[in-house]
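Enquirer: Build me a model:
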Amino acid sequence: MQYLKSFNEFRTWLIEVGFMTSEAELARSDSVISYEEDVVPELKRLSPESYPCVVYMEKHNHTGVNEVRFIMKNQIEQWAAAMKDTV
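Expert: Next comes the predicted model:
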């Protein structure tokens, strides 16, 4: 789980967590993962609707597939207000 303030932070997170590699590894000519062919389409498909937000990877028990999930700022604000009201 990570707090993201910008697209660049999401890009770094997706490369490190989603693709389990580094930007330095992607830059290598012999990298198995291509930035343009593999990473860019996923960045377009998975980018959050806005920043800031919290991103995390969720694994589905029945399928074993990992999915990128976001908690948006308004949801966090709602939770914070609810927690404040319970004190």
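Enquirer: Can you pull the phi and psi angles for the residue positioned nearest the centre of the chain?
Expert: The centre of the chain sits closest to residue 55, judged by CA atoms, centre = their mean, with a distance of 4.5 Å. Backbone torsions for residue 55, taken as degrees, to the nearest 10, come to phi -120, psi 150.
Enquirer: same deal with the one 5 residues further on?
Expert: Comment: the main-chain dihedrals of residue 60 come out as phi -80, psi 130, following degrees, to the nearest 10.
Enquirer: Same question for the one 3 residues further on.
Expert: Reported as degrees, to the nearest 10, the phi and psi values for residue 63 are phi -110, psi -20.
Enquirer: before we move on, what about residue 66?
Expert: Dihedral angles phi and psi of residue 66 (degrees, to the nearest 10) take the values phi -90, psi 140.
Enquirer: Can you name the residues bridging to it?
Expert: According to DSSP bridges, the residues that bridge with residue 66 are residue 59.
Enquirer: Can you report how many residues lie near it?
Expert: Other residues near residue 66 number 12, with proximity taken as other CB atoms under 10 Å. Bear in mind the C-beta positions are built from the backbone N, C-alpha and C, glycine included.
Enquirer: give me the element residue 40 is part of.
Expert: Take DSSP states H and E as the rule and residue 40 turns out to sit in helix 40-46.
Enquirer: Just the C-alpha atoms of that helix, please, in PDB.
Expert: What follows is helix 40-46, C-alpha atoms only, in PDB (Å, rounded to 0.1, in the frame of the first residue of the first chain):
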ATOM      1  CA  VAL A  40       2.800   2.000 -21.000                       C
ATOM      2  CA  PRO A  41      -0.400   0.100 -21.900                       C
ATOM      3  CA  GLU A  42      -0.800  -0.900 -18.300                       C
ATOM      4  CA  LEU A  43      -0.200   2.700 -17.100                       C
ATOM      5  CA  LYS A  44      -3.000   3.900 -19.400                       C
ATOM      6  CA  ARG A  45      -5.300   1.100 -18.400                       C
ATOM      7  CA  LEU A  46      -4.700   1.300 -14.600                       C
END
